[in-house]
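Q: quick one: sequence plus predicted model below, questions after.
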Amino acid sequence: MKDKINIFWFRRDLRLEDNVGLSKALAQDIPVVPIFLFDQEILSKLPNTKDIRVDYIHQALQSLQGKLEELGSSLHVYHGNVEEIFELLIQKFDVQAVFCNRDYEPLAIARDNRVQKWLAKEDVTFSAFKDQVIFEKGEILKNDGTPYTVYTPYAKKWRAALERKHYTAAPSTLDGYYQTKKKSIPSLKTLGFEKTVLNYETPSLTPGMIDDYDQHRDFPAEDRTTRLGVALRFGTISVRECVKTALKNNDTWLSELIWREFFMQILFHFPHVVDTSFKSSYDNIRWRNNEKEFEKWRKGETGYPIVDAGMRQLNETGFMHNRVRMVVASFLCKHLLIDWRWGEAYFAEKLLDYELSSNNGNWQWAAGCGCDAAPYFRIFNPDAQTKRFDKDLKYIKRWNPHYADRLETAIVDHKQARERALNTYKEALNDARS
DNA sequence: TTTTGAGTTGTTCGA
DNA sequence: GTCGAACAACTCAAA
């Protein structure tokens, strides 16, 4: 006789507290088996066997496992093909329903549609809930019912909607879990990966952390951005908790959380942005795409100290300060005239906090081809940015101590590169018009 | 339908 | 050193 159970499928919501889908599952009268699946289809696409994100997830799962063990339950972690794993679960248990939280990326939507259909054949219901955002796809729309493509009016509507909405954290229930002894989690090695430099501490909101966010966030040496991107990416923190704190303590940080949802809904409504410009006229830009220069950019050998420091921080740690991300992105697209997709792909490979919607939206912003993007003539001057935001060269010296040796061999001259970018963009837009 | 105002993060130039 | 305008024109959102 198989045990009658419901499944909660963890994906990018790796926490027991304030988790909408999980709390819905636990509110049923059927014991909940929490699962996590390492989808081989996704893992096999990762370029390196040392991957900080896989390591992060792996460590977050161990933390979850500890908490579930205290509740007399266990996380069930599987590795392989998604449908085959569900088949296995159905053989083992009398599965009634699968609960999870909605994911809005194109590939995740396709996967969930596939799984839902497959489960339906087995008479298993599939219920997905809104958890990772305050407002999703169709909730913030223009008065004519179409999606926003400009941030400011979107943010205005978002804020107005928040005032009307009385939301609370999802209840954290301690019982309702399927009782069993602890199951083991496949090792990184089994998954085909190696341990990385990542030292897992789940980033959290600490008292006072965002009080002066707007005063400090632009100075990379201070390192006073929240670094919560990774926690929001994998759901080790709840966005509702973040918004609550932002409302109370810092409006600028709230607007950053709104940017996150803005780009998520852009990706949902305009999935073509994944590989083409939001504004199609910018697809006419004749990128130079010089491989050697791209390599120098990646390695942090452009001769522009702030750019090189940023790339070195990224390469060594999987993180780059936000202000510097803008500088290196502008430099790649405008100074080197290298396709923004190349830069986007490199960030996607390296960033621990990589989020498709934000990465894509912000790269298109830097290249000038995105929705509500920087005008193309806005070309960051790396030296001016240094004077404004790293006056004492503290950040530069931290990540690029030998910067002075390379000043003579800068990859391009700023003034010339600026002129070249202006002309190239102008041509592309003229071509688009005629 | 038409009109109006506005649009993340900047830089350069000349007064 | 400081300040405002130019950079370019277009599209979006809302009245």
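A: It's in. Numbers count the residues shown, from 1 in each chain, chains lettered A, B, ... in the order given.
Q: what bits of the stretch 51-200 of chain A have low per-residue confidence?
A: Using pLDDT under 70 as the threshold, the predicted model of the stretch 51-200 of chain A has low-confidence ranges A:166.
Q: show me what from it comes close to DNA strand B.
A: Within the stretch 51-200 of chain A, the positions near DNA strand B by Cβ under 7 Å from any atom of the strand are A:150-152. Quick note: C-beta positions are derived from backbone N, CA and C, even for glycine.
Q: buried residues in stretch A:340-351?
A: Applying a neighbour-count criterion of 16 or more other Cβ atoms under 10 Å, one finds A:340-344, A:346-348, A:350-351 buried in stretch A:340-351.
Q: what does stretch A:159-173 give?
A: Across stretch A:159-173, burial judged by 16+ other Cβ under 10 Å covers A:162, A:170.
Q: domains of chain A?
A: Partitioning chain A according to automatic domain parsing yields domains covering residues A:4-131, A:133-167+A:208-269, A:274-433.
Q: so the closest residue to residue A:165 other than its chain neighbours versus DNA strand C, what's the distance?
A: Residue nearest to residue A:165 in three dimensions, not counting chain neighbours: residue A:134, with 8.0 Å by Cβ to Cβ, 6 or more residues apart in numbering. Using Cβ to the nearest atom of the strand, to the nearest Å, we find residue A:134 at a distance of 18 Å from DNA strand C.
Q: tell me the SS of residue A:134?
A: The three-state label for residue A:134, taken from DSSP: H, G, I helix; E, B strand; the rest coil, comes out as coil.
Q: quick check, residue A:104 in contact with residue A:264.
A: Yes. Look at residue A:104 against residue A:264 with Cβ atoms under 8 Å: they come within range, at 5.7 Å.
Q: mind listing the shared neighbours of these two?
A: Counting by Cβ atoms under 8 Å, 6 or more residues apart in numbering, the contacts common to residue A:104 and residue A:264 are A:133, A:136, A:357.
Q: torsion angles phi and psi at the first one?
A: The reference is to residue A:133. Main-chain dihedrals, residue A:133, degrees, to the nearest 10: phi -140, psi 160.
Q: now do the contacts for it.
A: The contact partners of residue A:133, by Cβ under 8 Å, 6+ apart, come to A:104, A:239, A:260-261, A:264.
Q: strands of chain A, start to end?
A: A:4-10, A:32-39, A:76-80, A:94-101, A:125-129 (DSSP state E).
Q: may I have the first one exported as CSV, CA atoms only?
A: Provided in CSV are the C-alpha atoms of strand A:4-10 (Å, rounded to 0.1, in the frame of the first residue of the first chain):
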residue,chain,number,x,y,z
LYS,A,4,-1.0,9.0,-0.1
ILE,A,5,0.9,12.3,-0.3
ASN,A,6,1.1,15.7,-2.0
ILE,A,7,4.4,17.0,-3.4
PHE,A,8,5.9,20.4,-2.9
TRP,A,9,8.4,21.1,-5.7
PHE,A,10,11.2,23.5,-4.6
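Q: rewinding a little: can you redo the domains of chain A as CSV with distance to residue A:202?
A: As requested, the domains of chain A are arranged in CSV below (distance: least, Cβ to Cβ, whole Å):
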stretch, distance to residue A:202
domain A:4-131, 7
domain A:133-167+A:208-269, 5
domain A:274-433, 12
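Q: figure out which of the ones you listed is closest to residue A:198.
A: Distances from residue A:198 to each of the domains of chain A were compared using Cβ to Cβ; the minimum, 4.6 Å, belongs to domain A:4-131.
Q: endpoint to endpoint, that closest one covers what distance?
A: Between the opening and closing residues of domain A:4-131 we find a distance of 26 Å, counting by Cα to Cα, to the nearest Å.
Q: what residues does the stretch 151-300 of chain A put near DNA strand C?
A: Residues of the stretch 151-300 of chain A lying near DNA strand C by Cβ under 7 Å from any atom of the strand: A:153-154, A:156-157.
Q: show the buried residues in those.
A: For these, a neighbour count by 16+ other Cβ under 10 Å gives the buried set as A:154, A:157.
Q: okay if I get the residues of the stretch 151-300 of chain A next to DNA strand C as TSV plus distance to residue A:18?
A: Conversion of these to TSV gives the following (distance: Cβ to Cβ, whole Å):
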residue	distance to residue A:18
A:153	30
A:154	25
A:156	27
A:157	25
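Q: among the residues of the stretch 151-300 of chain A next to DNA strand C, which are located in helices?
A: Within those, membership in helices is found for A:153-154, A:156-157, as judged by DSSP state H.
Q: closest one to DNA strand B out of the residues you listed, please.
A: Distance ranking of these against DNA strand B, using Cβ to the nearest atom of the strand, places residue A:153 first at 7.5 Å.
Q: how near is the residue nearest in space to the middle of chain A to DNA strand C?
A: Nearest to the centroid of the C-alpha atoms of chain A, with distances taken as Cα atoms, centre = their mean, sits residue A:355, at 1.9 Å. The gap separating residue A:355 from DNA strand C is 22 Å, by Cβ to the nearest atom of the strand.
Q: report the contact partners of the closest residue to that residue other than its chain neighbours.
A: What sits nearest to residue A:355 in space, not counting adjacent residues and going by Cβ to Cβ, 6+ apart, is residue A:233, at 5.3 Å. Contacts here follow Cβ under 8 Å, 6+ apart; on that basis residue A:233 touches A:12, A:353-355.
Q: from residue A:52, how far out is residue A:233?
A: Applying Cβ to Cβ, to the nearest Å, one obtains 12 Å for the distance of residue A:233 from residue A:52.
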